[in-house]
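A.B. asks: Here's my sequence, what's the structure:
(4 chains)
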Number of protein chains: 4
Amino acid sequence: MDFAPSPRAQELTELVRAFMTEEIEPVEAAYHQELKRRREAGKGEQWQELPIMKELQAKARAQGLWNLFLPAGHEGPYAEKYGTLGGTGLSNVDYAPIAELTGRSFIAPYVFNCNAPDTGNSEVLLKYGTQAQKDEWLDPLLDGRIRSAFLMTEPAVASSDATNMELTAVIDGDSIVLNGTKWFSTGVGHPDCDIFIVMGLTDPEADRHHRHSMVLVPRNTPGVKIERMLNTMGFYDEPHGHGEVSLTDVRVPRENFVSGPGEAFAIAQGRLGPGRVHHCMRLIGLAEKSLELAIERGTSREAFGKKLINLGGNRERLAQARIAIESTRLLVLNAAWKLDVGGAMNAISEVSQIKVAAPRMALDVIDFAMQIHGGGGMTDDFPLAGAWTGARSLRFADGPDEVHLGLIARLELMKHGVSR
Amino acid sequence: MDFAPSPRAQELTELVRAFMTEEIEPVEAAYHQELKRRREAGKGEQWQELPIMKELQAKARAQGLWNLFLPAGHEGPYAEKYGTLGGTGLSNVDYAPIAELTGRSFIAPYVFNCNAPDTGNSEVLLKYGTQAQKDEWLDPLLDGRIRSAFLMTEPAVASSDATNMELTAVIDGDSIVLNGTKWFSTGVGHPDCDIFIVMGLTDPEADRHHRHSMVLVPRNTPGVKIERMLNTMGFYDEPHGHGEVSLTDVRVPRENFVSGPGEAFAIAQGRLGPGRVHHCMRLIGLAEKSLELAIERGTSREAFGKKLINLGGNRERLAQARIAIESTRLLVLNAAWKLDVGGAMNAISEVSQIKVAAPRMALDVIDFAMQIHGGGGMTDDFPLAGAWTGARSLRFADGPDEVHLGLIARLELMKHGVSR
Amino acid sequence: MDFAPSPRAQELTELVRAFMTEEIEPVEAAYHQELKRRREAGKGEQWQELPIMKELQAKARAQGLWNLFLPAGHEGPYAEKYGTLGGTGLSNVDYAPIAELTGRSFIAPYVFNCNAPDTGNSEVLLKYGTQAQKDEWLDPLLDGRIRSAFLMTEPAVASSDATNMELTAVIDGDSIVLNGTKWFSTGVGHPDCDIFIVMGLTDPEADRHHRHSMVLVPRNTPGVKIERMLNTMGFYDEPHGHGEVSLTDVRVPRENFVSGPGEAFAIAQGRLGPGRVHHCMRLIGLAEKSLELAIERGTSREAFGKKLINLGGNRERLAQARIAIESTRLLVLNAAWKLDVGGAMNAISEVSQIKVAAPRMALDVIDFAMQIHGGGGMTDDFPLAGAWTGARSLRFADGPDEVHLGLIARLELMKHGVSR
Amino acid sequence: MDFAPSPRAQELTELVRAFMTEEIEPVEAAYHQELKRRREAGKGEQWQELPIMKELQAKARAQGLWNLFLPAGHEGPYAEKYGTLGGTGLSNVDYAPIAELTGRSFIAPYVFNCNAPDTGNSEVLLKYGTQAQKDEWLDPLLDGRIRSAFLMTEPAVASSDATNMELTAVIDGDSIVLNGTKWFSTGVGHPDCDIFIVMGLTDPEADRHHRHSMVLVPRNTPGVKIERMLNTMGFYDEPHGHGEVSLTDVRVPRENFVSGPGEAFAIAQGRLGPGRVHHCMRLIGLAEKSLELAIERGTSREAFGKKLINLGGNRERLAQARIAIESTRLLVLNAAWKLDVGGAMNAISEVSQIKVAAPRMALDVIDFAMQIHGGGGMTDDFPLAGAWTGARSLRFADGPDEVHLGLIARLELMKHGVSR
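C.D. replies: As a prediction, the model looks like this:
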């Protein structure tokens, strides 16, 4: 149970920390202001990437802070070409403090080419893609030339039970034909988002976990339509956004299956594990950032003759936030370590544990920070409203709390020989 | 301790219920869609009132569902002219079930001319206004011809301690000169919002609770500037909105003091009591509406072979929501009843109790409803995101939780003879 | 929704309040000390009633403070003979403030002949008993000459599902023969406890809710054995206690059925409603008493240069306790009022709501009081440890929280036309 | 951040696990029954140690499972003579899994000579004792021939602020004279408890943290009187117990100061750190044991046609318990590791964090276990009532939650340069 990052990871962490302080933090306010100006101008410009993003990416890449998420164990040409460490990759424990730092900012993960869902999609292609699929999609993804989306959740069914998915991905000769509607397709708003991984029903007669497939669908395929971008708690998260996408008689070559028909669940299991851990790592950073803001506000304003932080139960809430952050960070490190030493199957309960614990912890800390900011805490003068919304959405994304709790309980009972 | 509404109030409640069902609910979706269309068109049209609002107002008024908030005990020409009951007014207990119903909809309070802050401002004018002030501002407010705003909170200080307020309202001969900045000035976005009640510092030498005054400032007075409309959790709440307003050498006649210089705290105490109770009544309705949505969703979708409501702890959460709503409704009724039988000073603790309890209860219920809706619960396909944001803002508005808890504790200790 | 007690009830409340202050509070410490002395002497004397109890009962009875629980609507010879009001009885709303007062003391309910389970047992006999049963058992119960017990819960099965009960009460000619074991049989430790109402399985072939019967079993019937008295959280609650009782070939005449074979569930439903409400009323008093102790301690001791109550979040906790007590009291009154106006079937959800809410509220308040007392709060120098244990046991007694939550949810869903 | 125990510690852990399973668990029920028999016999025999304890100690010692708490870094004759590892000692991280195991049983810590307060007292003597003090008291303590007590908390003042302590320990020539009263003096009930470490006020004129001293007071010194043993939540925890002790003109030689007059706070800081960590380690084990009992009960009983664990929110509560235990265990390991790498001053916040988090976590898990056991969970048929009481008392012992939260907040603010 060694949660210490390797020396190389520590160096990278310090480089990322410096980059955050020197390059990202100074420009964030202006970035969000310009984004807001565009949004409110009503011309849709907010869906274009701001030029500064490519500049920041170039700077980060020049320092070797690029694709740091690329996991150890995938040595090979792509890792060598685009990975930071000459292709050896960081362990999950190594990556944790880096991801935590990037979680302090809405734009940082993208700057380092480490943002969801591109990370998960890259991992899928790396692990399950054919050479042709890799050449066509993985190469530009790791190079930052294109973006990707993952189309899983559907508006018409309870997608918490993934076997409910109704979009069809039927084999028709040499083609796959897709029909149906997805939503919460994160990233489809971005102009560079060229490739979708779509999960669909291929064989309703197969057993429950072999009915669905993952299919590579280029965005410009006829029949693909972005019906709308979703507003979540008032936010669109431009330019990436979360879209509702309809697929009507969308036809792609049969080669576009990832790993073959009926393999969606097998792939998803592996894909979602690290993705969930990354989300949780970033939530730790988001909570730390929020707590810093709370302390800053609480010690710089006064009411009733005292600093805000010294009123009522505020200090106790500060202490509770510290306890909550520390214990959740350790829980995340533990899941990362279990993934490192034994792979996804070794960490099923641990990943579900953090998937439940981290968003709730972050929401509590952000809420405290918001409250100590007064009404201002809800405005876009501070990043707290966005932070809250991001953390809240992670109580659904990649499986709602309730599904993860159910899984933890089931594994716990299995330890005691109880199967149902 | 009789919480039963009078027969007349029961009749009105049923009329309001029918009006909600027949006139408001059927048009709400289209209303929000059109508002969204305008918002996203980027031309600022969302800050115009939609035509349907005046139509609905006319219908409601025709049925006598107009100014129902006007409290008993203010018999007189204005109550006679604009009140529902020939001027006798409803008690707080009578008004509770009506306000609860209007709380189910974002637009209903306005339709019945019962929305904050116009209600509180009208009460202030009714109770403290001179005849001239009433003629000029109260008459059109009750008639629905104009809207009003209440400018209290300031961006530069912790406004939870109202004595922190820095905007100056200085007497200069026959004038009052105002300088400073306010924010969270709800309603200033509306084109009809013609009059502001501004709270400012008049005499820094006076004792702590006699330094500030309330001043009537017409919106078009030179030096008044709406600096920006505030975005709260992604929402602008158009067309009313919450503004940041600067006042630079704004000069109004000395007659524009409400009740005289240094009287702001005395007025505020009376103004905020019923206003807080109204907010809490509406929150009960908002929670009921959210629980209905949760049940509807939870019983109409399935996962893992069961209705969502029958999975995991969902039924327990449903039951807890019922308990929380019932006990909070009773607490609100109790505060209303205490106000009715003994006035504001009789209900200080009770009003603070509901001001703490009602938003928290509502947030819990809405959060449960959101969770059972999956990601969709955060989108504007459902009113839950707006409901959450509205309830969250009420943990700050009219005094943050912490101030109310402090007040409750102080009163409790005073019962035991402890003054500090 | 009128929660105001009648003038007669208000008078009685004041009499009870005075009696508590003048007669009970002054002797409580000595009572508990003597009980402790007896307990630790190891001779079993703690299972004898202390002489002062009969003295207190006589004084209370002389003031008409006797059997106040006896409900309105049971006019008749017994109500006339032993009831306070010449047999008219108090409504549940009337009784609420009285029961609340008695809940402040461990001995008060008994002093007024208003203690569980005698109250519920008396109601059962009053409502369902034959004249002979009433003459033999109800008369001395209401006269305070004997005590009674209610034998329902069983050690070997999950009694939260009452249909699980396995003790048999089989008809054998003119006799009923009982075999099985019960526990948590409150009151069987008392030397005057002469009569048990035993719930047993009579006809396993009948439908689920008509299999069980209630049977009157005199304690001295051959085959009845008190196996042991139960220790709950370290307490025996002498001299009443909670016993484990075995019944081996216990034979009583067939006339000892209450209301006939198979009627246990029908009776239990009526019996448990008011009993649960009484428990909750008393819990309000217990919480108020605990909060008073917290304030007394918090304002009389200092640490770090401040009164304890002024440290950290203590004042906020005090305020939260006040909110919790007020809202739960109102919820209890609401259930009482629903019982009064429509009977048990009218208040099923409401009774379950308070059965969940009141013990949890009381536990929170008591825990706060305990914490502010430091380690002393757990000792028998203060009544808090006993209060906590009593409130905790009410999360099981008369149905665990989970069963009540399930019932509330079911009723809520039925409102929406969902039956499963 | 390496939380892995050393190979030697892992071996010891397995030995302890086996000893628990083979030697302790099989005799626990009989132990508690005999203790109960003695307690209820009223002859005080419960204050004698049961013979099996010495037998178990001998067996444990024979396997080298003795004084495992003795920390690394105290090499020397005593460690060599009585320590397990030839005097090298275990790190805190090494000791954690061992202490966790012993926390599953009320008697195990004693069996391994690893029980509070003897461990902390031994550490004090090891670190601060003179050779004579060590010879006289440390040698027999490590040998298990005597027991000890630590007299700190006082009944008359808020001892959460240790500077409140009023017992005087005044220098009078070659003597120290002690006067005052202590309570919650754990262990004084045991017949072998021969030595007390007493904290008293020596110089009221010194600065706030140099007024108090620690003094070695043999129990049989004239003037020492055990006034009574304290009942906490109904328990006496015989034969060790928690006593109230008066000291009246108690005179001991000046050599009995530990580390000199005025040094109490300096010593206490070091003493309480590891002691708190040990408590928290044991609480993890107690929670695990309780969760096992919950699962056992929840899967072996049925209600409403289902296993209890499958009803309502029970599986979610089980999952939440797993998350809470895991994250708290990691938090405890983190504090242990910080102690190991940097000593007490390096881990002040971390120790306070676990002192707040671990008892609350344990109480939640135990409460869940209790609830799933129904009323039985409160009886002494199960260890849950004792577990709850033990965990509850740790929200006061060694500093109440509120003091630790205050300390965490202060350290957090200091990181941001805020000193008050």
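A.B. asks: Just the pLDDT for the closest residue to chain B within the stretch 251-400 of chain A.
C.D. replies: The stretch 251-400 of chain A approaches chain B most closely through A:A303 (3.5 Å), counting by CB to the nearest CB. Where you see a C-beta, it was placed from the backbone N, CA and C, and this is true even at glycine. pLDDT, A:A303: 96.
A.B. asks: Which residues does it form beta bridges with?
C.D. replies: For A:A303, the beta-bridge partners are A:K306 (DSSP bridges).
A.B. asks: Report how many residues lie close to it.
C.D. replies: Here the number of neighbours of A:A303 (other CB atoms under 10 Å in any protein chain shown) works out to 21.
A.B. asks: There's contact between it and B:S160 in this structure, I believe.
C.D. replies: Yes. Using CB atoms under 8 Å, A:A303 is in contact with B:S160, at 5.2 Å.
A.B. asks: buried residues in the helix or strand hosting A:Y31?
C.D. replies: In this assignment (DSSP states H and E), A:Y31 forms part of helix A:25-41. Neighbour-count burial for helix A:25-41 flags A:28, A:31-32, A:34-35, A:38-40 (criterion: 16 or more other CB atoms under 10 Å in any protein chain shown).
A.B. asks: Helices along the stretch 251-400 of chain A, start to end?
C.D. replies: A:264-300, A:314-342, A:348-372, A:384-393 (DSSP state H, counting those that start in this stretch).
A.B. asks: Of all those, which one is nearest chain D?
C.D. replies: helix A:314-342 (3.7 Å).
A.B. asks: ok, A:T186 - contacts?
C.D. replies: A:116-117, A:149-150, A:237, A:240-243 (CB atoms under 8 Å, 6 or more residues apart in numbering or on different chains).
A.B. asks: Just the residues contacting the helix holding A:Y31, thanks.
C.D. replies: A:45-46, A:48, A:50, A:52, A:56, A:105-107, A:236, A:238, A:380, B:42, B:231.
A.B. asks: What average pLDDT does the next helix or strand after that helix get?
C.D. replies: Downstream of helix A:25-41, the first helix or strand assigned by DSSP H and E is helix A:51-62. Across helix A:51-62, the average pLDDT comes to 97.
A.B. asks: elements contacting helix A:51-62?
C.D. replies: helix A:25-41, helix A:108-111 (3 or more CB pairs under 8 Å, 6 or more residues apart in numbering or on different chains; DSSP states H and E).
A.B. asks: Apply 6 Å and report the result again.
C.D. replies: helix A:108-111 (3 or more CB pairs under 6 Å, 6 or more residues apart in numbering or on different chains; DSSP states H and E).
A.B. asks: Give the buried residues for the helix or strand following the helix it packs on.
C.D. replies: The first helix or strand that comes after helix A:108-111 along the chain, using DSSP H and E, is helix A:118-128. By neighbour count on 16+ other CB under 10 Å, the buried set for helix A:118-128 is A:118-126, A:128.
A.B. asks: Chain D: which of those residues is nearest?
C.D. replies: A:G120 (23.7 Å).
A.B. asks: What about the nearest residue to that closest one once chain neighbours are set aside, how many residues nearby?
C.D. replies: Leaving aside its sequence neighbours, A:G120 sits nearest to A:G275 (CB to CB, 6 or more residues apart in numbering or on different chains; 4.2 Å). Neighbourhood size, A:G275 [other CB under 10 Å]: 23.
A.B. asks: Can you say which helix or strand has the residue of the stretch 51-200 of chain A found nearest chain D in it?
C.D. replies: Closest approach between the stretch 51-200 of chain A and chain D, counting by CB to the nearest CB: A:V93, at 9.2 Å. Using DSSP H and E, A:V93 sits in helix A:92-102.
A.B. asks: roughly how far is that helix from the heart of the chain?
C.D. replies: 13 Å (CA atoms, centre = their mean, to the nearest Å).
A.B. asks: Could you list the alpha-carbon positions for that helix in PDB?
C.D. replies: What follows is helix A:92-102, C-alpha atoms only, in PDB (Å, rounded to 0.1, in the frame of the first residue of the first chain):
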ATOM      1  CA  ASN A  92      -2.400   5.600 -11.600                       C
ATOM      2  CA  VAL A  93      -0.800   6.500  -8.300                       C
ATOM      3  CA  ASP A  94       1.700   8.600 -10.200                       C
ATOM      4  CA  TYR A  95      -0.900  10.400 -12.200                       C
ATOM      5  CA  ALA A  96      -3.100  11.100  -9.100                       C
ATOM      6  CA  PRO A  97      -1.400  14.300  -7.900                       C
ATOM      7  CA  ILE A  98      -1.100  15.600 -11.500                       C
ATOM      8  CA  ALA A  99      -4.800  15.000 -12.200                       C
ATOM      9  CA  GLU A 100      -5.600  16.600  -8.800                       C
ATOM     10  CA  LEU A 101      -3.800  19.800  -9.900                       C
ATOM     11  CA  THR A 102      -5.600  20.000 -13.200                       C
END
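A.B. asks: Residues contacting that helix, please?
C.D. replies: A:3, A:5-6, A:9, A:13, A:16-17, A:20, A:68, A:108-109, A:278, A:281-282, A:284-285, A:333, A:336-337, A:339-340 (CB atoms under 6 Å, 6 or more residues apart in numbering or on different chains).
A.B. asks: From the contacts of helix A:25-41, keep the buried residues only.
C.D. replies: Taking 16+ other CB under 10 Å as the criterion, what is buried in the contacts of helix A:25-41 is A:45-46, A:50, A:56, A:105-107, A:236, A:238, A:380, B:42, B:231.
A.B. asks: For burial, what's the neighbour tally of A:A344?
C.D. replies: Applying other CB under 10 Å, we find 15 residues neighbouring A:A344.
A.B. asks: I'm done for today, thanks for sticking with me.
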